[in-house]
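Enquirer: Provide a 3D model corresponding to the input given below.
(one chain, ligands or ions: 2)
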Amino acid sequence: MPLTILYRGPLNSCNYGCEYCPFAKQSANVSQLAEDRVALERFTRWIAAQTNDKLAILFTPWGEALIYDWYQTALSQLSHLPNVKKVAIQTNLSADLDWVKGANPQTLAFWATFHPEWVSRPDFLRQCQILNDCQFKFSVGVVGFAKFKAEIAALRQELPPHIYLWINAVKRDLATLSLADRRFFEQIDPLYPLNTRDYPSLGKFCRAGSSVISVDGDGTMRRCHFIKEPIGNIYDRNFAEALCDRPCSNATCHCHIGYVHLDYLHLDRVFGDGILERIPQGQFSVFDSLIPFESSGRSK
Ligand code: SF4
Ligand code: SF4
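Expert: Ligands and ions are numbered 1, 2, ... in the order given. Next up is the predicted model:
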């Protein structure tokens, strides 16, 4: 059974302090970290035991997880399992990366975000260079504040050309963003308009809940991070019975890690095997009719 899992353990802390983020400079105490480690190690053992399945896993922590060695160990172990076809993590890439040399570049990938206010561009690029030298797949992204434009332009120049650079739309600022700024972001990231919208999803078919689930530290399954109602627990023997097609119960879907699974958007055609680490496979033209630039969302 092919299954994609978005894992988010109890961790909710970060070593950076982005002013727009609820996890900014939140530190975890020893017992919270121990709880997170136990949960992750249990999850990793469970994945290893699902030998009949083909699994893809994206770690979507609340905060920064890769600075902790239990995430590094888990990612490295998972990357070598025959039943894991992809394991990826969202990260600010601030962690020491010596451990990646022991991981499998065929399966381990990274969704890396550059935060120009918390790390210098040369330091961030050095981390990217390590991933690139070891032949890991990774995307790089920046939050689309106009104040970051100079850093974004320089980053684009200095990253290897084959590395996809995405821009996350700041939806609350879209109404006041100048046309020149929007054009700039679209020139950097042709898929930027895609991220400026909230997609109607009520009653629509979405793979979340059938072939994609979110799982928290105690194993609770939800169809996605945005619908809180549990649908089961992966640590129950019959967990797979909960997987079935369901129409979405939310009015809209606003986040990349959710709407990429909305059937009618056909984003699987755009991202293909790179869907978890946010690397498009080249079919940008799928969106030409769907999201013309001028009508891109001013959703909030
Ligand atoms: S690096 Fe990410 S998790 Fe940490 S404060 Fe910034 S946005 Fe939040
Ligand atoms: S459309 Fe979004 S909110 Fe609805 S089920 Fe899919 S991922 Fe969840």
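Enquirer: Now L194: phi and psi?
Expert: phi -60, psi -30 (degrees, to the nearest 10).
Enquirer: gap between it and P105?
Expert: L194 sits at a distance of 28 Å from P105 (criterion: C-beta to C-beta, to the nearest Å). All C-beta spots, glycine's among them, are computed from the backbone N, C-alpha and C.
Enquirer: For these two, work out which one has more neighbours and name it.
Expert: L194 (25 against 14; other C-beta atoms under 10 Å).
Enquirer: Pull up the gap between that one and ligand 1, please.
Expert: From L194 over to ligand 1 the distance is 20 Å, taken as C-beta to the nearest ligand atom, to the nearest Å.
Enquirer: Check G232 too.
Expert: On the measure of C-beta to the nearest ligand atom, G232 and ligand 1 end up 28 Å apart.
Enquirer: What's the separation between N195 and E41?
Expert: N195 is 34 Å from E41, by C-beta to C-beta.
Enquirer: more neighbours, these two?
Expert: N195 (23 against 14).
Enquirer: give the contact list for that one.
Expert: Going by C-beta atoms under 8 Å, 6 or more residues apart in numbering, N195 touches W166, I167, N168, A169, H256.
Enquirer: and if we set it to 6 Å?
Expert: By C-beta atoms under 6 Å, 6 or more residues apart in numbering, the residues touching N195 are N168, A169.
Enquirer: Next: P247.
Expert: Here P247 is in contact with G203 (C-beta under 6 Å, 6+ apart).
Enquirer: so what's the residue most central in space within the chain up against?
Expert: By C-alpha atoms, centre = their mean, the mean C-alpha position of the chain lies nearest to Q90, the distance being 4.9 Å. Neighbouring residues of Q90 by C-beta under 6 Å, 6+ apart: T60, W111.
Enquirer: Show me how far the helix or strand harbouring it is from its chain's centre.
Expert: Using DSSP states H and E, the element containing Q90 is strand 84-91. Here strand 84-91 is found 9 Å from its chain centre; the criterion is C-alpha atoms, centre = their mean, to the nearest Å.
Enquirer: repeat for stretch 175-182
Expert: Distance, centroid of stretch 175-182 to centroid of chain: 26 Å (C-alpha atoms, centre = their mean).
Enquirer: pull the CA atoms of it into CSV?
Expert: Coordinates of each C-alpha in stretch 175-182 appear next as CSV, following Å, rounded to 0.1, in the frame of the first residue of the first chain:
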residue,chain,number,x,y,z
ALA,A,175,-3.3,43.6,-1.3
THR,A,176,-0.5,46.2,-0.8
LEU,A,177,2.3,44.4,-2.7
SER,A,178,3.3,46.5,-5.7
LEU,A,179,2.9,45.0,-9.2
ALA,A,180,6.7,45.2,-9.6
ASP,A,181,7.2,43.2,-6.4
ARG,A,182,4.7,40.6,-7.6
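Enquirer: In that stretch, which residues are buried?
Expert: L177, D181, R182 (16 or more other C-beta atoms under 10 Å).
Enquirer: one step back: so the residue nearest to the centre of the chain bridges to which residues?
Expert: W111 (DSSP bridges).
Enquirer: Ligand 1 versus that one, what's the distance?
Expert: Taken as C-beta to the nearest ligand atom, the span from Q90 to ligand 1 is 8 Å.
Enquirer: Okay, whichever residue of the stretch 51-200 of the chain sits closest to ligand 1 and Y264: tell me how far apart.
Expert: In the stretch 51-200 of the chain, the residue that lies nearest ligand 1 is N92 (4.0 Å; C-beta to the nearest ligand atom). Remark: distance between N92 and Y264 (C-beta to C-beta) = 33 Å.
Enquirer: Settle it for me: which of these two has more neighbours?
Expert: Taking neighbours as other C-beta under 10 Å, N92 and Y264 compare with N92 leading, 22 against 12.
Enquirer: Would you check that that one makes contact with G63?
Expert: No - N92 lies out of contact with G63 (C-beta atoms under 6 Å); the separation is 9.4 Å.
Enquirer: Secondary structure element holding D123?
Expert: helix 121-133.
Enquirer: Wondering if the following helix or strand past that helix reaches ligand 1 at all.
Expert: Later in the chain than helix 121-133, the nearest helix or strand by DSSP H and E is strand 137-143. No - using C-beta under 6 Å from any ligand atom, we find that strand 137-143 stays clear of ligand 1, coming within 7.5 Å at best.
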